[in-house]
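Visitor: Turn this into a model:
(one chain, ligands or ions: 1)
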Amino acid sequence: MSIEIKALAPAQRNSCPKEYSFGATFSDHMFTQEFDEGKGWHDALISPYHALTLDPSAAVFHYSQEIFEGLKAYRKPDGGINLFRPLDNIKRFNRSAERMVMPKVDEALHLDAIKSLVQLDQAWVPNEQGASLYIRPTMIATTAKLGLGASTSYCHFIITGPAGSYFSGGLTPISVYVADELRRAVKGGVGEAKTGGNYAASLYASEEVKKQGYSQVLWLDAIEGKYIEEVGAMNICFVYEGKHIYTPELSGSILPGITRDSILKIAPTLGYEITEMYLDIETVLQDIKSGKITEVFGCGTAAVISPVGKLGFKGEDFVINDNQTGPVAKALYDELTGIQYGTREDKFGWIESL
Ligand SMILES: *Cc1c(COP(=O)(O)O)cnc(C)c1O
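Guide: Coordinates of the predicted model:
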């Protein structure tokens with residue numbers, strides 16, 4: 001199946017504005033394709049950004065059958081554009097689809113859709129350092145029917161929009177509160193899938209901790225309330241003695257981040273040891289207090305690496321590395337963004353250039 005392109009006339013197209021806000025400014029075009037049972041995927045189309053028309057009884061509104069992805073296009077110094085591990089995002093999209101009983105999309109077509117869309121809207125890929133074009137593939141259940149059961153029709157769409165550098169003043173540590181009562185996901189549930197329901201489930205705690213001056217929530221496992229899972233939309237890493245990195249092993253309720261996976265592979269090339277294991281919150285807090293843990297940072301596509309300067313738990317604050325960005329977070333950030341923007345060697349073959 002090929003993608004039909006109905007683009008705006010060149011004179012009507014825009015480019016990335018000087019002022020924009022991440023998640024609220026979108027590029028000129030979008031991709032859509034439809035699925036119907038018995039017919040499969042059809043009508044793959046790139047057309048001007050537009051509102052979708054859905055029946056109020058569409059399944060996505062009532063039972064949250066939906067999935068999404070997040071990846072970025074980066075401007076290289078020579079003006080070219082890089083995508084970072086796009087096929088890994090597409091494969092994860094299909095794994096999420098399977099978990100949510102949604103149809104898989106053709107990997108090659110999805111990649112072609114992303115590339116064609118970014119190519120067409122290339123003037124929207126920002127040039128400033130640390131900025132990028134955020135790409136949001138989504139799939140929603142569209143069958144107009146109230147009644148439990150998987151939908152029989154779906155819409156797969158992709159929108160894009162500029163994302164500024166997360167850290168205008170360098171990497172700034174964030175403060176994070178450990179949720180001791182509320183839970184995000186349970187093993188056997190949908191925590192591994194990139195689906196909106198996980199976010200709906202986490203909003204209450206996120207808003208509560210913001211009122212207390214923390215920017216994100218650290219989630220613990222839902223069964224024992226003991227093991228560290230992840231932070232907001234990021235996985236998490238703990239650095240011992242400035243050289244050994246630990247990250248929670250994938251438990252079935254943690255989202256398997258591509259940034260996390262990239263750090264697992266990059267860290268040894270920079271001379272750090274890295275281990276995936278179950279991490280007990282009490283031990284970690286003790287090790288922060290004793291100074292054995294020298295850095296904590298979150299990792300995900302949006303922020304890349306986000307140092308954690310303070311962890312709050314049951315009313316007590318645990319400060320890490322004097323609330324400063326540490327050398328391990330900085331080294332990983334520089335290496336990872338170097339690969340993404342094409343200024344450092346892509347040893348792992350992660351880059352797909354347009
Ligand atoms: C997307 C996401 C991540 C990070 O994944 P990346 O592939 O690194 O962007 C981590 N946790 C949650 C809950 C997420 O939705």
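Visitor: May I ask you to confirm that Val105 is in contact with Gly40?
Guide: No: between Val105 and Gly40 there is no contact under C-beta atoms under 8 Å: 10.5 Å. (Each C-beta comes from the backbone N, C-alpha and C, glycine too.)
Visitor: Compare these two and say which is more crowded by neighbours.
Guide: Set side by side, Val105 and Gly40 show more neighbours around Val105, with 21 against 11, by other C-beta atoms under 10 Å.
Visitor: Give me the neighbour count for the residue lying closest to the more buried one once chain neighbours are set aside.
Guide: Nearest non-adjacent residue to Val105, counting by C-beta to C-beta, 6 or more residues apart in numbering: His156, 5.7 Å away. Each residue near His156 was counted by other C-beta under 10 Å, and the total is 24.
Visitor: which parts of the stretch 201-350 of the chain sit against the ligand?
Guide: Counting by C-beta under 6 Å from any ligand atom, the stretch 201-350 of the chain comes close to the ligand at Glu230, Ala233, Met234, Asn235, Leu255, Gly257, Ile258, Thr259, Arg260, Gly300, Thr301.
Visitor: Out of those residues, flag the one nearest to Asp28.
Guide: Using C-beta to C-beta, Thr301 comes nearest to Asp28 of those, at 22.5 Å.
Visitor: Which segments of this structure make up each domain?
Guide: Each domain of the chain is listed here as a residue range: 4-163, 174-341, per automatic domain parsing.
Visitor: looking at the sheet around Pro137, what are its partners?
Guide: Ile158 (DSSP bridges).
Visitor: Go ahead and confirm it touches Ile114.
Guide: Yes: proximity of Pro137 to Ile114 meets the contact threshold set by C-beta under 8 Å, at 7.3 Å.
Visitor: CA atoms of stretch 343-354 as PDB?
Guide: Output of stretch 343-354 as PDB, limited to C-alpha atoms (Å, rounded to 0.1, in the frame of the first residue of the first chain):
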ATOM      1  CA  THR A 343      27.900  15.300  16.000                       C
ATOM      2  CA  ARG A 344      29.100  12.000  17.600                       C
ATOM      3  CA  GLU A 345      29.700   8.600  16.000                       C
ATOM      4  CA  ASP A 346      26.600   6.400  15.700                       C
ATOM      5  CA  LYS A 347      28.300   3.200  16.700                       C
ATOM      6  CA  PHE A 348      25.100   1.200  17.200                       C
ATOM      7  CA  GLY A 349      23.500   2.100  13.800                       C
ATOM      8  CA  TRP A 350      20.600   3.900  15.500                       C
ATOM      9  CA  ILE A 351      20.300   6.800  13.200                       C
ATOM     10  CA  GLU A 352      18.000   6.900  10.200                       C
ATOM     11  CA  SER A 353      18.800  10.000   8.100                       C
ATOM     12  CA  LEU A 354      16.300  11.600   5.800                       C
END
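Visitor: All the strands of the stretch 1-150 of the chain, residue numbers only.
Guide: 4-5, 29-36, 40-48, 66-68, 71-75, 81-84, 132-141 (DSSP state E, counting those that start in this stretch).
Visitor: if you skip the residues just before and after it, what's nearest to the residue in the stretch 51-200 of the chain that the ligand sits nearest to?
Guide: Proximity of the stretch 51-200 of the chain to the ligand (C-beta to the nearest ligand atom) peaks at Lys194, 5.1 Å away. Leaving aside its sequence neighbours, Lys194 sits nearest to Ser96 (C-beta to C-beta, 6+ apart; 4.9 Å).
Visitor: cool, Ala58 as well?
Guide: Per C-beta to C-beta, 6+ apart, closest to Ala58 is Thr142, 5.0 Å.
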